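*Asks:* sequence and predicted structure below; questions after.
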Amino acid sequence: MPKRRFVYAAALIRALVPLISLTLAAAANAAGTAVAQPACSATGTPPLETVEPVTERPTCKDGQVLSFDQNGVTRYACLNLPPHAVAGASKWPMIVYLHGSMTNPDSLYRTGHALFKLSRNYPLSAHAGAKGFILLAPEGRRAKAWASEGPHTGTGFHWDEWQREPGKNLDVQAIDHFIDQAVATDLVDVKQIYVFGWSNGADMAVLYGAWRADRIAAVGQYAGTDPWQRTPCPVDMPSGRQVPLTLLRNMCDALATCSETSSWSNTLEKQNWPLRRVDLTLDGEDAGPNAQCVRLCRKPRGLYEHIRWPKKAVLANEMLEFFKEHSLP
């Protein structure tokens, strides 16, 4: 077997072992606790039905665990500062990381380790003396996801992207609270607060950016789609400030399919949205401007690509550079 194919096969096995377990558990949950079809409204679905334990304290490698009580549920987040961040010395940009379904904030240090490493010294700030950036990683809630036309992940950690009324969405309010906590440290440059999400977190990142356009400078999506068209209750996209968006997408993806991300990209381009789309190769590298969707996207590869993050160079040269170009006035 050629070396490249051997490396891919080994990586595929490592990636799919936990995913197969996750999928089997989700299938069992879905089969045993079927979610009734919700009553749709102009704001999507009713709130997600949570499952005990609703939250779980993350480890937060090299960081601080933040928490607060929300209606009797302890909400958590991880806060990681650059090693040289000292109050009063400067202000640092902050990226709010929203994890994918069935994961938690600790995925930042495992699957997302490239972004974590970049946070140490990457020059994201507009101020030359402030190297690195702050990472804030809130945690979603364990809940029964609404069944939709696409893949159904069942019971596990989710962001409630289906309930699109920010005044009632508890996940939106939790993110608000943790951003406020971080800003209270007097270390955050409030003109450079960004949101980056993966999968379910990618959809939530777009929603949050739209609802908090006055404080979010730009949004990054990896393996995400159009959250307003998410079934079972699609709704109209709201008007307002077009928060700049960088869309990192796979040419073969079993969950955020290439056709869905193409449609989402086309929707944004028709509205002249400030957008940077980056197509990714099998290895998570920049595929260039002429990349095409994989015609025969088999499920094992599609699952592998969905949970394999973009390479460090893509995160730096595409997403972080895009963020750096956009700050609030």
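*Replies:* Ah, there it is.
*Asks:* helices of the chain, residue ranges please.
*Replies:* 3-32, 113-121, 170-183, 200-211, 258-270, 299-307, 312-314, 321-324 (DSSP state H).
*Asks:* where among these is average confidence lowest?
*Replies:* Here the lowest mean pLDDT among the helices of the chain goes to helix 3-32, at a mean of 42.
*Asks:* surely Ala287 touches Val294?
*Replies:* No - at 10.5 Å, Ala287 does not count as touching Val294 under the criterion of Cβ atoms under 8 Å. Yep, even glycine has a C-beta here, placed from its N, CA and C like the rest.
*Asks:* overlap in contacts, those two.
*Replies:* Met251 (Cβ atoms under 8 Å, 6 or more residues apart in numbering).
*Asks:* with adjacent residues omitted, what lies nearest to Lys311?
*Replies:* Of all residues not flanking Lys311 in the chain, Gly284 sits nearest, at 4.6 Å (Cβ to Cβ, 6 or more residues apart in numbering).
*Asks:* got a list of what that neighbour touches?
*Replies:* Counted by Cβ under 8 Å, 6+ apart, Gly284 has contacts Glu305, Arg308, Trp309, Pro310, Lys311, Val314.
*Asks:* just put these in JSON lines and tack on neighbour count.
*Replies:* Output for the contacts of Gly284, formatted as JSON lines (neighbours: other Cβ atoms under 10 Å):
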{"residue": "Glu305", "neighbour count": "27"}
{"residue": "Arg308", "neighbour count": "18"}
{"residue": "Trp309", "neighbour count": "20"}
{"residue": "Pro310", "neighbour count": "27"}
{"residue": "Lys311", "neighbour count": "17"}
{"residue": "Val314", "neighbour count": "21"}
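*Asks:* can you lay out these as TSV showing distance to Gln181?
*Replies:* TSV is the format used below for the contacts of Gly284 (distance: Cβ to Cβ, whole Å):
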residue	distance to Gln181
Glu305	35
Arg308	32
Trp309	26
Pro310	29
Lys311	32
Val314	30
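*Asks:* where along the stretch 101-250 of the chain do the strands fall?
*Replies:* Listed in chain order, the strands of the stretch 101-250 of the chain (DSSP state E, counting those that start in this stretch) span residues 134-138, 141-144, 155-158, 188-198, 218-222, 245-250.
*Asks:* among those, which comes closest to Pro53?
*Replies:* Closest to Pro53 of the strands of the stretch 101-250 of the chain, according to Cβ to Cβ: strand 141-144, at 6.6 Å.
*Asks:* list the neighbouring strands of the closest one plus their orientation.
*Replies:* Partner strands for strand 141-144, per DSSP bridges, with pairing direction: strand 49-50 (antiparallel), strand 155-158 (antiparallel).
*Asks:* closest one to Leu320 among those?
*Replies:* Of all these, strand 155-158 sits nearest to Leu320, with 25.8 Å by Cβ to Cβ.
*Asks:* ok, and for stretch 136-152, which residues are buried?
*Replies:* When burial is assessed from 16 or more other Cβ atoms under 10 Å, stretch 136-152 yields the following buried residues: 136-147, 151.
*Asks:* with stretch 277-288 instead?
*Replies:* Here stretch 277-288 shows Arg277, Val278, Asp279, Leu280, Thr281, Leu282, Gly284, Asp286, Ala287 as buried, counting by 16+ other Cβ under 10 Å.
*Asks:* could those residues be laid out in a markdown table, adding distance to Glu260?
*Replies:* Putting these into a markdown table (distance: Cβ to Cβ, whole Å) gives the following:
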| residue | distance to Glu260 |
| --- | --- |
| Arg277 | 13 |
| Val278 | 16 |
| Asp279 | 14 |
| Leu280 | 15 |
| Thr281 | 19 |
| Leu282 | 19 |
| Gly284 | 19 |
| Asp286 | 20 |
| Ala287 | 17 |
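*Asks:* next step: these restricted to strands.
*Replies:* Among those, the members found in strands (DSSP state E) are Arg277, Val278, Asp279, Leu280.
*Asks:* what sits against the residue most central in space within the chain?
*Replies:* The residue lying closest to the centre of the chain (Cα atoms, centre = their mean) is Gly197, at 1.4 Å. Gly197 is in contact with 97-100, 159, 203-206, 219-222, 224, counting by Cβ under 8 Å, 6+ apart.
*Asks:* any idea how far the closest residue to it other than its chain neighbours lies from Leu124?
*Replies:* In this structure, Gly197 finds its nearest non-sequential neighbour in Ala205, 3.3 Å apart by Cβ to Cβ, 6+ apart. Separation of Ala205 from Leu124 (Cβ to Cβ, to the nearest Å) stands at 17 Å.
*Asks:* looking at these two, which is more packed in?
*Replies:* Ala205 (30 against 25; other Cβ atoms under 10 Å).
*Asks:* give me the below-cutoff pLDDT ranges for the stretch 151-300 of the chain.
*Replies:* In the predicted model of the stretch 151-300 of the chain, residues 151-152 satisfy pLDDT under 70.
*Asks:* 90 - rerun?
*Replies:* For the stretch 151-300 of the chain, the stretches flagged by pLDDT under 90 are 151-154, 289.
*Asks:* out of the strands paired with strand 141-144, nearest to Tyr76?
*Replies:* Closest to Tyr76 of the strands paired with strand 141-144, according to Cβ to Cβ: strand 155-158, at 11.0 Å.
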